[in-house]
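Student: Generate coordinates for the sequence data below:
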Amino acid sequence: MDIGQITSQLSGQSQSAQKGLAQDFDTFLTLLTTQLKNQDPLEPTDSNEFTRQLVAFAGVEQQINANKQLENLAALTAFQQNSAAVGYLGNIATVQGNTNNFDGQSPVSFEYELPGTANTTNLEIRDVNGDLVHQENGKTTFGIHKMDWDGTDISGNPLPAGTYSLTVRALDNDGKVMDSSTFLRAEVTEVETSGLMPILTVGGKTYSLDQILAVSKAREGGSSPTQ
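Tutor: Purely as a prediction, here's the structure:
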């Protein structure tokens with residue numbers, strides 16, 4: 001989307017207001033002129049009232065012009081934001097979520113965060129139907145940990161391309177389930193700039209720019225994230 005399109009979206013309301021103000025002001029001047037021509041010379045119309053109305057119209061016009069300038073600034077900011085978002089294409093983005101696309105060849109990267117030290121951590125990979133296809137032991141220490149899944153099932157057999165999700169089951173020393181957060185790291189394959197906020201496609205799902213937690217360069221010759 002170019003800056004002209006963004007400005008057009010933002011300025012419609014202001015242009016309508018300006019047009020309406022111009023029509024009202026023309027009507028006001030016509031009525032004022034007519035009234036002055038036909039006023040009673042012995043009881044002239046109060047000039048202070050006309051002055052107050054003129055000042056009121058001028059104030060409204062100034063405010064609309066100020067709003068127009070703010071809209072232009074917002075349009076420029078949106079344009080710069082969209083231009084910067086296009087630079088994310090082909091790079092690796094980290095977003096909060098547990099679903100990622102497997103292309104049948106490249107490893108799939110997930111991350112998970114533990115709020116404290118766990119006694120055991122089990123990582124489960126499930127297919128689009130919710131069936132368990134892979135599991136392994138995860139890290140038990142506090143913080144963010146990375147998991148690279150190679151696309152094989154529990155027996156080590158390769159799985160077809162598709163959408164897979166990570167479930168983290170961490171238990172504390174008392175056997176209670178610990179709350180954990182999951183993240184995915186995947187290539188930015190598309191950037192949509194038709195709106196005022198860029199929308200990025202990561203791991204087959206769409207995310208707004210403010211949902212992107214981190215961006216890193218992809219390795220040359222592939223889309224795997226850098227270590």
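Student: quick one: buried residues of stretch 147-161?
Tutor: For stretch 147-161, a neighbour-count test (16 or more other Cβ atoms under 10 Å) marks 147, 149, 151, 159 as buried. The way it works is simple: take the backbone N, C-alpha and C, and place the C-beta from them, glycine included.
Student: Now do the third one against Q105, distance only.
Tutor: According to Cβ to Cβ, to the nearest Å, G151 and Q105 sit 7 Å apart.
Student: Helix, strand, or coil at R169?
Tutor: Look at R169: counting by DSSP: H, G, I helix; E, B strand; the rest coil, its state is strand.
Student: Please enumerate the helices of this structure.
Tutor: With helices called from DSSP state H, the chain shows them at 3-38, 47-86.
Student: Tell me where the model's unsure across this structure.
Tutor: Applying pLDDT under 70 to the chain flags the ranges 1-29, 31-32, 35-36, 39-51, 53-54, 56-61, 64, 72-81, 219-227.
Student: any idea which strand is longest in it?
Tutor: strand 181-192 (DSSP state E).
Student: Output the contacting helices and strands for that one.
Tutor: Contacts defined by 3 or more Cβ pairs under 8 Å, 6 or more residues apart in numbering; DSSP states H and E place strand 181-192 against strand 92-96, strand 99-102, strand 108-114, strand 162-171, strand 199-202, strand 212-216.
Student: right, so of those strands, which gets closest to Q135?
Tutor: strand 162-171 (9.1 Å; Cβ to Cβ).
Student: Which one of the buried residues of stretch 147-161 is nearest to L209?
Tutor: Looking across those and measuring by Cβ to Cβ, the closest to L209 is M147, at 25.6 Å.
Student: what residues are up against the closest one?
Tutor: 109-112, 123, 136, 138, 166 (Cβ atoms under 8 Å, 6 or more residues apart in numbering).
Student: If any of these are buried, give me the ChimeraX selection for them.
Tutor: The ChimeraX selection below is limited to those of these classed as buried (16+ other Cβ under 10 Å):
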select :109,110,111,112,123,138,166
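Student: could I get the contacts of M147 as CSV with distance to T30?
Tutor: Listed next are those as CSV, based on distance: Cβ to Cβ, whole Å:
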residue, distance to T30
S109, 70
F110, 70
E111, 69
Y112, 71
L123, 77
E136, 82
G138, 78
L166, 71
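Student: Closest to T189 out of the contacts of M147?
Tutor: When the contacts of M147 are compared for distance to T189 (Cβ to Cβ), S109 wins out at 14.7 Å.
Student: Run a quick check on the closest one versus E187, I expect a contact.
Tutor: No. Using Cβ atoms under 8 Å as the test, S109 is too far from E187 to be in contact (10.1 Å).
Student: joint contacts of those two?
Tutor: Here S109 and E187 share the contacting residues I92, scored by Cβ under 8 Å, 6+ apart.
Student: Pull the residues that contact stretch 116-130.
Tutor: Contacts of stretch 116-130 (Cβ under 8 Å, 6+ apart): 112, 114, 132-142, 147, 149, 159, 162-173, 175, 178.
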